[in-house]
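1. build me a model from this:
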Amino acid sequence: MRLGDSGTKPLLGVIEDSDTIFLDSGSTTHPLAKYIKMRQQITVVTNSLLVVNELVDSEVDVLLIGGKLRHSEKSITAYDMLFQFDALNIQKAFICTSGISLENGLSDYDIDEIRTRRQIMKNSKQTYVLCDHSKFEQDVTIKTCDLQELEAIITDAGVDEEVRKRFSEAGHRMIIA
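-> So this is what the prediction gives:
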């Protein structure tokens, strides 16, 4: 998913100045970091080295969670003993996924990434998933969460109209970015 100038407009009401947010690892969350640089007094908690690199020369406060480097995703998978998740007050978490379906919710391949996401979701007031259209109607190895745990699904315009309709009829909010 590409979040360009026009694609960020739907997110103007989602991310507010002074928010503390979590940006997950993945190709869909990295472009969001570029948008966040335009906001004021944002604190970003992340496990993504790409997000850190994007924000390193900005005014954004960045908290990088500690843990094991996952080379394939350029991310850190967290361990409770290294990071005190319970101390975090996150307003909004932006997570990614490898699969999303009405029947099984979100799913992914790596258990350590999923554990990190679940812990962050537990400490967040709202959770959004960012995923491109190719992730829909896919169920991969390990379930991350049910769709009812999400505030909204943020995706690109490539999502099939029939898929949008079914998700909407099931009560799931979709933001096209």
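2. contacts, neighbours, all on C-alpha from now
-> Fine.
3. tell me the buried residues in the longest helix anywhere in the chain?
-> Once the chain is assigned using DSSP state H, the helix that runs over the most residues is helix 111-122. By neighbour count on 16 or more other Cα atoms under 10 Å, the buried set for helix 111-122 is D112, E113, I114, R115, T116, R117, I120, M121, K122.
4. report all helices and strands that that helix contacts.
-> strand 75-78, strand 90-96, strand 142-145 (3 or more Cα pairs under 8 Å, 6 or more residues apart in numbering; DSSP states H and E).
5. tell me what angle it forms with strand 90-96.
-> 150 degrees (axes from the mean of the first three to the mean of the last three Cα atoms, to 10 degrees).
6. distance of the residue sitting nearest the centre point of the chain relative to L69?
-> In the chain, the C-alpha nearest the mean C-alpha coordinate belongs to I95, at 2.0 Å (Cα atoms, centre = their mean). In this view, I95 and L69 are 18 Å apart by Cα to Cα, to the nearest Å.
7. quick one, phi/psi of V44?
-> Dihedral angles of V44 (phi, psi; degrees, to the nearest 10) stand at phi -110, psi 120.
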